[in-house]
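Q: sequence first, then the predicted structure:
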Amino acid sequence: METMKVQNVTPNDLPWKIRYDASRCTLCGSCVAACSFRAIEPKVERRRMVFSESEFPEPKQRFSAVPVIRQAHSIKNYCRGCGICEKVCPNDAIGPQRNIDTRHPIVTRCLGGDSIKRGGRKNLEATTRTLDKLRVGRISQMTDPSLDAQRHTFDLLAPFGRILPPKKLPFGVGPEGLLESKDQAPPVRWIYPVIIGDMSIGALSWRMWEAVAMATAYLNEECGLPVRMCSGEGGMPVRLLKSRYLKYMILQIASGHFGWNRIAKAMPHMTEDPAGVLIKIGQGAKPGDGGLLMAQKVAEHIQSIRGVPKADLLSPPNHQGLYSIEESVQKMFLSFNAAFKFRVPVAIKVAASATSVSVFNNLVRDPYNIVGGFFLDGIDGGTGAAHEVSLDHTGHPIVSKLRDCYLAAVTQGRQGQIPLWAAGGLGKTGDLAADAFKMMCLGANGVFTGKLILQMAGCVGNDMGRCNACNTGLCPVGITTQEPALVHRLDPEKVAQNIVNYFLAMDQEFKKLMAPIGNSSLPVGRSDALISTDKAVAERLQIQYVC
Amino acid sequence: MCRIGAIKSLNYVHPSQALLLMQSQQKGHDNSGFAMVMHDLGGIFESYKHLPTLSLACTDEGLKVAEDILHAAGFSRVLQWVPETNDQPGLDINAMPNYVFETFDYPKHYRKAEQKEKEELLLDMRLKLRRALEKDEMGFVYSFWPDVVTLKEIGDPRDIGTYFNLWEPDNKFTARVITAQCRQNTNYDIVRYAAHPFFLQGYTALANGENTFYLKNVEAQRKMHRGYIGFESDSQCFLYTLHYVHRELGWPLRYYKHVITPLPFEDIERREDKDQLLAIRQSLAHLEINGPNTIIGVLPDNTLFTCCDAKKLRPVVVGRSADTVVISSEVCGINEVLPDRDWETDIYPHEREIVAVDSNLEVQRWRQ
Ligand code: SF4
Ligand code: SF4
């Protein structure tokens, strides 16, 4: 007999327990083959069987070795509750069940001597989100008719780029009494108010990344929605950099500068300007923490795009050498602006935090007129790997931070001059149009989203701790992995189709929200259109309280 | 529903015409007030065109405070006109004890000052007076500007006309441009300042309808100019935007429409001047207005204009004879004032145009 120790890990210590019904199992092996985490394994058990061979019961017993499926008892191969086994089992014989008695946070740390890491989802879901406590409450009525969402035309575009204050517009009045431009103004692009957030090639599988790029191109060229996609840190395939699709892409440069070598080299061969440049200073899912791409995910093509060996890739928490807003950021903006000859807007992304308003206040003064956008990222989002402790215990939610930034701009009379873009758990309930609309009313010019895009692609993870294994390189549906076998589970065409359809539906929904308040352009700053039944929320956001 | 109207003539016109213009649209308003601004004054004010006239409704104490402030600042009174009031019983009017129109000469050291400097002084004085009289509602300062008088009252427009003896035409109290509205503001508190038309530094604006971008407008305008205050009515924003675009930015009037109701991006893309239009749309996004409205405005050179919201949800008509142009919410108003005009030449402004009338009564129509 094996020696059992009470210290040994058992399924009861793990976050999920496998429900297995041997009587239904035909031992087809599908689940074992499908489990990317190796959380289940075939095992042989010695079983006793009682039988009788005579006319009268004469019980006898026999021992035989039978194959069964068992849950791995290891903290390395623990079940993530992704439910793939259940999906592939033809007989409903197996499936994960949440274990409320889990000791996972303790045993993992004790045995591994290392911090727990996981995909960027927050597990602290206790109450309703702030956004769900807001409703669109100013409905146009008799004096101010609402619009017909089906027939009316709407201007659903948001600015990306530095917007000059009216008195700085380089205008003069010509002899005909018409305004004439005397000078060049900073580049501003009017784009769809939902940007596909920065998820790197490397964090995503090549099929997933391609699917998103494909959806972006389709939305632009076939559906007339000028949706932009942010590359994420890590660069881009050279073929894309040289293609006409570059104009739909926002190039991200983060602290690791991964992939920028290639981008810089491709510059002379670019036939189109990129849609913009996004300098990532911080992120909301793990604020104050750098990027973390585990070696498992650094496949060959990632190595070549990023120009790195197969190793854990860590981006520092901040751009090295950026220690003051005034000097460093401006210097950097100048260099990127200059690289594209001031034709491409350059924006900055920071994490929502106690200091984000100060950063914003500083940027709003922007004497060089080069800050093309302020991307504010709150907790509750993210795909990347992070230490669980950062995910669960650091950062600010987005709603009030965005509001603070907007009101700070109002106080200075500079609203809209640096477009505000916000993210962090938006669309998490599935209704991105509603969330985005409310964020705009509170002052955002537009929003960006990443996690929701994964969900459109078929991600099975959730905020209740299911899956969240994006960091392991073992994504069971092929979204955040570079394992060829797993990547092939993802059908890029289907993913692109889902994304396109979601955006089309969302576009309709925007109109359905704009029509009742009688707006034909985006409701930026129309906080009077919102109400809240929660007094604290109403007060904090300075909107109407109703009960 | 608000009804608004304006008369611009080569001759001096008595406010009784404005009352008539509004009276015929009586079904369209709620008899809660009457207000008007007169530019290019005739009658007793005619020889004082270059000197500022204060329009004030106040208590006795308020009058004293106001005069003291002006005297202390070096202004000297050259003319005072207190309209004879007819306080008969039963009138529906909520009048202030005094209604005073006083013309002042500039302080000595300002007499040779640049026009612009004088204009800033006049604004500062008005703001100062307004602040001083706010206490206990001692008074309301509607305008302090050369060649302009303002009258605002709460009550039935007919009775207000009777109270101020405005029904009987005379040649003492006349002007070449009169804008008027019958109604108190309903969106916010009923206060005297809330009644249209609104006035600032030679600019007058009045509107009927609603500004659903009120909050956006206010949030932006509060920081744009010290004179952008009050915001007692959602359509006050129209005046401030007019002042900002025309005076502060120095842009021609036609761009006012591009600021308040910008063209859709799709249309801008097709325009030759798309760079300018786009820049305007993005830099002045917070001055955009939304909601159904018609605006009538007067510029410092007495140009009268009108324009509508981009969806054309509120009506307005422009009618004219050889010497007079009338703008009105309803055509019946014009019929009353210009019964013999050729109504076929009436203009029903388009949702994308500005109709402007200059001092020679030439009518210009600018397509946005
Ligand atoms: S739920 Fe997922 S991780 Fe768990 S056993 Fe099934 S396939 Fe494996
Ligand atoms: S399904 Fe893939 S992308 Fe979704 S949480 Fe799991 S590992 Fe991450």
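A: That came through fine. Ligands and ions are numbered 1, 2, ... in the order given.
Q: going forward, measure contacts and count neighbours with C-alpha atoms only.
A: Will do.
Q: could you list the low-pLDDT ranges of the chain?
A: No chain was given, so I picked chain A. Scanning chain A for pLDDT under 70 picks out A:1-2, A:123-127, A:321-323, A:326-328, A:381-384.
Q: let me rephrase: I mean chain B.
A: Counting by pLDDT under 70, chain B has low-confidence residues at B:1, B:28-29, B:185-189.
Q: now do the contacts for the residue in the stretch 151-300 of chain A that ligand 1 sits nearest to.
A: Nearest residue of the stretch 151-300 of chain A to ligand 1: A:Q296, at 17.5 Å (Cα to the nearest ligand atom). Residues in contact with A:Q296, defined by Cα atoms under 8 Å, 6 or more residues apart in numbering or on different chains, are A:312, A:472-473, A:482.
Q: count of neighbours near whichever residue of the stretch 101-250 of chain B sits closest to ligand 2?
A: The minimum distance from the stretch 101-250 of chain B to ligand 2, using Cα to the nearest ligand atom, falls at B:K216 (39.9 Å). Residues lying near B:K216 (other Cα atoms under 10 Å in any protein chain shown) number 25.
Q: need the three-state assignment for it.
A: Here B:K216 is helix, with the state taken from DSSP: H, G, I helix; E, B strand; the rest coil.
Q: closest to chain B out of the contacts of A:Q296?
A: The shortest approach to chain B among those belongs to A:Q482, at 41.7 Å (Cα to the nearest Cα).
Q: doesn't the closest one lie inside a strand?
A: No. Going by three-state DSSP, the assignment for A:Q482 is coil, not a strand.
Q: hmm, it is touching A:V298, no?
A: Yes. If you go by Cα atoms under 8 Å, A:Q482 and A:V298 touch, sitting 7.5 Å apart.
Q: mind listing the shared neighbours of those two?
A: Taking Cα under 8 Å, 6+ apart as the criterion, A:Q482 and A:V298 both touch A:G202.
Q: report how many residues lie close to A:F56.
A: 7.
Q: cool, B:Y214 as well?
A: 25.
Q: tell me the contacts of B:L133?
A: B:L133 sits in contact with B:62, B:65-66, B:139-140, where contact means Cα under 8 Å, 6+ apart.
Q: now flag whichever of those residues is closest to A:G161.
A: Distance to A:G161 across those (Cα to Cα) is lowest for B:F140, with 44.6 Å.
Q: wait, the closest one sits on B:R130?
A: Yes. Under the criterion of Cα under 8 Å, B:F140 makes contact with B:R130 at 6.5 Å.
Q: of those two, who's got more company?
A: Neighbours were counted for B:F140 and for B:R130 using other Cα under 10 Å; B:F140 has more, 24 against 20.
Q: so what's the more buried one bridging to?
A: B:F140 forms beta bridges with B:A57, as assigned by DSSP bridges.
Q: then B:G155?
A: In beta-bridge terms (that is, DSSP bridges), B:G155 pairs with B:I93.
Q: got the residues of chain A near chain B?
A: Contact residues, chain A versus chain B (Cα under 8 Å from any Cα of the partner chain): A:143-145, A:155, A:159, A:163-167, A:169, A:173, A:177-181, A:410-417, A:518-519, A:525-528.
Q: can we see that at 7 Å?
A: A:144, A:155, A:163-167, A:177, A:181, A:410, A:413, A:518-519, A:525-526, A:528 (Cα under 7 Å from any Cα of the partner chain).
Q: beta partners of A:F63?
A: For A:F63, the beta-bridge partners are A:R48 (DSSP bridges).
Q: I'd say it and A:R47 touch.
A: Yes. If you go by Cα atoms under 7 Å, A:F63 and A:R47 touch, sitting 5.5 Å apart.
Q: taking the contacts of B:L133, tell me the two that lie furthest apart.
A: The largest separation in the contacts of B:L133, counting by Cα to Cα, is between B:V65 and B:F140 at 11.9 Å.
Q: biggest helix in the chain, by residue count?
A: Answering for chain A, as no chain was given. The single longest helix within chain A, with elements called by DSSP state H, is helix A:492-514.
Q: that was the other one, I meant chain B.
A: Ordering each helix of chain B by length in residues (DSSP H) puts helix B:115-134 first.
Q: in that one, what counts as buried?
A: B:118-119, B:122-123, B:125-130, B:132-133 (16 or more other Cα atoms under 10 Å in any protein chain shown).
Q: and it, how far from the chain's centre?
A: Taking Cα atoms, centre = their mean, to the nearest Å, one finds the center of helix B:115-134 at 17 Å from the center of the full chain.
Q: send the alpha carbons of that helix over as PDB?
A: What follows is helix B:115-134, C-alpha atoms only, in PDB (Å, rounded to 0.1, in the frame of the first residue of the first chain):
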ATOM      1  CA  GLN B 115     -13.000 101.500 -28.000                       C
ATOM      2  CA  LYS B 116     -12.000  98.000 -26.800                       C
ATOM      3  CA  GLU B 117     -10.900  99.400 -23.500                       C
ATOM      4  CA  LYS B 118     -14.200 101.100 -22.900                       C
ATOM      5  CA  GLU B 119     -16.100  98.000 -23.800                       C
ATOM      6  CA  GLU B 120     -14.200  96.000 -21.200                       C
ATOM      7  CA  LEU B 121     -14.900  98.700 -18.600                       C
ATOM      8  CA  LEU B 122     -18.600  98.700 -19.400                       C
ATOM      9  CA  LEU B 123     -18.700  94.900 -18.900                       C
ATOM     10  CA  ASP B 124     -16.800  95.100 -15.700                       C
ATOM     11  CA  MET B 125     -19.100  97.800 -14.400                       C
ATOM     12  CA  ARG B 126     -22.200  95.800 -15.200                       C
ATOM     13  CA  LEU B 127     -20.800  92.700 -13.500                       C
ATOM     14  CA  LYS B 128     -19.900  94.800 -10.500                       C
ATOM     15  CA  LEU B 129     -23.400  96.300 -10.300                       C
ATOM     16  CA  ARG B 130     -25.000  93.000 -10.700                       C
ATOM     17  CA  ARG B 131     -23.000  91.500  -7.900                       C
ATOM     18  CA  ALA B 132     -23.700  94.500  -5.600                       C
ATOM     19  CA  LEU B 133     -27.500  94.400  -6.300                       C
ATOM     20  CA  GLU B 134     -27.800  90.700  -5.900                       C
END
